[in-house]
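return a 3D structure for these sequence lines:
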Amino acid sequence: MEAFLATLWSWWLALWPHILAAAVLAITVGATCHAILTKRDTRSTIGWVGLIWLSPVFGAVAYAILGVNRIRSRASQLRAGQLRVNRALTPASPERLHAAIGQECSPLVSLAQLVEQVTQRPLIDGNSIEPLDGGDEAYPRMLAAIDGATRSIGLASYIFDNDPTGKIFAAALGRAVKRGVAVRVLIDGIGSSYSRPSIVGLLAEQGVRVERFLPTGVPIYFPYANLRNHRKILVVDGTTGFTGGLNIRDGCWLSHNPKHPVRDMHFQLQGPVVAQLLEVFVEDWAFASGEALLDGGPEPTASPSAWAPDLSPAGTQLARGVRYGPDDPDIGRIKLVLVGALAAAQRSVRIMTPYFLPDDAVCQALDVAAMRGVQVDIVLPEQNNLALVGWASTAMLWQVLGRGCAVWMSPPPFDHTKLMVVDGAWGLFGSGNWDDRSMRLNFEFNVETYDPDLCGRIDRHIQGVISRSRRKTLAEVDSRSLPVRLRDGVARLFSPYL
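You can find the predicted model right below:
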């Protein structure tokens, strides 16, 4: 036996370098194949493959930790098998489309076709959409709709603060529950913690059914800290909808004289497009709570009729919901919409966003539009509420300023509005920002519209903000001191997660 063990040991001493080399080779080849098959950017692929081969084991470990896109896979795993709602809706006829936005050869007709392919949802006629200037206009409308509800209220908000405004909403929702209305409130797990104590307890005391989207206070959910539900949706009786960038917090109600005032724009919608808002809310609620509000779920616990949308025409505007998030099979769909809209522009593009950190592809699309002679105006807040984001944004402005885009810095209070208008005839509004977090990590919801009257109003609103704003120049960006440039450059390194 001793001779046998001695023989095995001598074999192991002779073979272990070869076994180790084979294991390192297998790991290296495996990591290389994964990078080649999954990385879409050629430069990124070359960089990772080079590191994997030039630094055996270390390169593969670094790739496993930093190079694998776990966010998308986690999102897909989280939402796998969840309720999907795609109600059959009658699309706008070609005649209506052409009457509203031009003949078949019109760039906006091509844009409508692109967005339909990206979203797989129809462009719908018969809608009425009204812009609401901040919480001072939007909150009373939303509260009146809640107080008038007879069947159902679905409310999703990234932030729902336990402050004077939040308490007013909680009381209105509680009154609706007492009237027998089916009320469901969904708050993001991180957004629900912006105020202490959370509004969740107060809502529950009012009898409101409330859930948090991925409550990150539970340690097991820490890996999903990046997957936030940033959508702002209110649907009442399946008839009236509200969406945009407005959270529920006292800072947005300027007549309350808040300590940290925030300007924003929200929208009231009526007509068949409200069904698309409801689709998204029902899916998100089913994911967070396990309750299916419409037919199609495992065991609906509320009457489907209470949540059925009203598809009656309410106006003449063409609109379509654009939902996107990290669980999309074609992640980055909003970039396709934005690049398509920039390519369709003939005269003007006006953009308002609080956070501007687009990737190179979107910057190039903005530059190409400006170089074609399109007037591209980008309105950003002079004083950002997130200093790190403001620094990172400044570090990349040279990419658009150097090609003819105009950047305007709007005066306080901080403007959280998210708008885009092309040629005064196509508009996009909703919860999404022009940064990688919104485009890759957050669950967002926007609405596109092809109504010239509505888009003209939005365009004039942006022009009004520009008239009060200061133009930022390339010379100003280039003249920053070395410490400031270093600070901004370091901040930009974190831009994929800001």
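
make it CA atoms for all contacts and neighbour counts henceforth
Fine.

quick one: end-to-end length of stretch 439-456, please.
End-to-end distance for stretch 439-456, by Cα to Cα, to the nearest Å: 26 Å.

identify the residues contacting that stretch?
71, 100-101, 129-130, 226-232, 244, 317-326, 331-332, 334-335, 421, 424-433, 438 (Cα atoms under 8 Å, 6 or more residues apart in numbering).

how does it look with 7 Å?
100-101, 226-231, 317-326, 331-332, 334, 421, 424-432, 438 (Cα atoms under 7 Å, 6 or more residues apart in numbering).

if you look at the residues you listed, which of them are in strands?
Applying DSSP state E to the contacts of stretch 439-456, the entries found in strands are 317-324, 421, 426-430.

and the furthest pair within these?
Using Cα to Cα, the pair of the ones in strands among the contacts of stretch 439-456 lying farthest apart is Gln317 and Tyr324, separated by 22.6 Å.

show me which positions of stretch 471-486 end up buried.
Arg471, Lys472, Thr473, Leu474, Val477, Arg485 (16 or more other Cα atoms under 10 Å).

format the CA atom coordinates belonging to it as PDB.
Presented in PDB, the C-alpha positions along stretch 471-486 are these (Å, rounded to 0.1, in the frame of the first residue of the first chain):
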ATOM      1  CA  ARG A 471     -25.900  79.600 -22.700                       C
ATOM      2  CA  LYS A 472     -23.000  77.400 -21.900                       C
ATOM      3  CA  THR A 473     -20.100  77.600 -24.400                       C
ATOM      4  CA  LEU A 474     -17.200  75.300 -25.300                       C
ATOM      5  CA  ALA A 475     -14.800  78.000 -24.200                       C
ATOM      6  CA  GLU A 476     -16.300  78.000 -20.800                       C
ATOM      7  CA  VAL A 477     -16.000  74.200 -20.500                       C
ATOM      8  CA  ASP A 478     -12.400  74.200 -21.800                       C
ATOM      9  CA  SER A 479     -11.400  77.000 -19.400                       C
ATOM     10  CA  ARG A 480     -12.100  75.000 -16.200                       C
ATOM     11  CA  SER A 481      -9.100  74.800 -13.900                       C
ATOM     12  CA  LEU A 482      -7.100  71.600 -13.700                       C
ATOM     13  CA  PRO A 483      -8.500  70.600 -10.300                       C
ATOM     14  CA  VAL A 484     -12.100  71.100 -11.500                       C
ATOM     15  CA  ARG A 485     -11.400  69.200 -14.700                       C
ATOM     16  CA  LEU A 486      -9.900  66.300 -12.700                       C
END
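
chain center to it: distance?
29 Å (Cα atoms, centre = their mean, to the nearest Å).

and for whichever helix or strand His98 is part of, what's in contact with it?
Assigned by DSSP states H and E, His98 falls within helix 94-101. The contact list for helix 94-101 (Cα under 7 Å, 6+ apart) reads Glu104, Leu108, Val109, Tyr450, Asp451.

can you tell me the average pLDDT over the one helix or strand the third one maps to?
What it means is Val109. If you go by DSSP H and E, Val109 is part of helix 107-119. Per-region confidence: helix 107-119 scores 92 on mean pLDDT.

who does whichever helix or strand comes after it pair up with?
Heading C-terminal from helix 107-119, the first helix or strand you meet, by DSSP H and E, is strand 124-133. When pairing is defined by DSSP bridges, strand 124-133 lines up against strand 265-270 (antiparallel), strand 317-324 (antiparallel).

quick one: closest of those strands to Ile248.
Short answer: strand 265-270, nearest of those by Cα to Cα, at 11.5 Å.

how far is that closest one from where the chain is centred?
17 Å.

got the angle between the helix or strand just after it and strand 124-133?
Downstream of strand 265-270, the next assigned helix or strand under DSSP H and E is helix 274-289. In terms of direction (axes from the mean of the first three to the mean of the last three Cα atoms, to 10 degrees), helix 274-289 departs from strand 124-133 by 70 degrees.

give me the helices and strands touching helix 274-289, please.
strand 209-213 (3 or more Cα pairs under 7 Å, 6 or more residues apart in numbering; DSSP states H and E).

which stretch among the strands paired with strand 124-133 is buried most, on average?
Of all the strands paired with strand 124-133, strand 317-324 has the most neighbours on average by mean count of other Cα atoms under 10 Å, namely a mean of 26.

what's the angle from it to helix 107-119?
Using the same axes, to 10 degrees: strand 317-324 against helix 107-119 is 40 degrees.

okay, strand 317-324 in CSV with CA atoms only?
Extracted in CSV, the C-alpha atoms of strand 317-324 (Å, rounded to 0.1, in the frame of the first residue of the first chain):
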residue,chain,number,x,y,z
GLN,A,317,-54.3,63.2,-30.6
LEU,A,318,-52.0,60.4,-31.8
ALA,A,319,-50.0,58.8,-28.9
ARG,A,320,-48.1,55.7,-27.9
GLY,A,321,-46.6,54.4,-24.7
VAL,A,322,-42.9,53.5,-24.7
ARG,A,323,-42.0,51.2,-21.8
TYR,A,324,-38.4,50.0,-21.4
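
so which of the buried residues of stretch 471-486 are in strands?
Per DSSP E, the buried residues of stretch 471-486 map to strands at Arg471, Lys472.

which of the helices and strands in the chain ranks last by mean pLDDT?
helix 70-79 (a mean of 56; mean pLDDT, DSSP states H and E).

so Glu130 bridges to which residues?
With DSSP bridges as the rule, Glu130 is bridged to Gln268.

looking at it now. What's its pLDDT?
For Glu130, the predicted pLDDT is 97.

that one: how many residues sit nearby?
Residues within reach of Glu130, counting by other Cα atoms under 10 Å, total 13.

that one touches Gln268, doesn't it?
Yes - if you go by Cα atoms under 7 Å, Glu130 and Gln268 touch, sitting 5.2 Å apart.

so which of the ones in strands among the contacts of stretch 439-456 comes closest to Arg372?
Out of those, the member with the shortest distance to Arg372 (by Cα to Cα) is Val421, at 17.1 Å.
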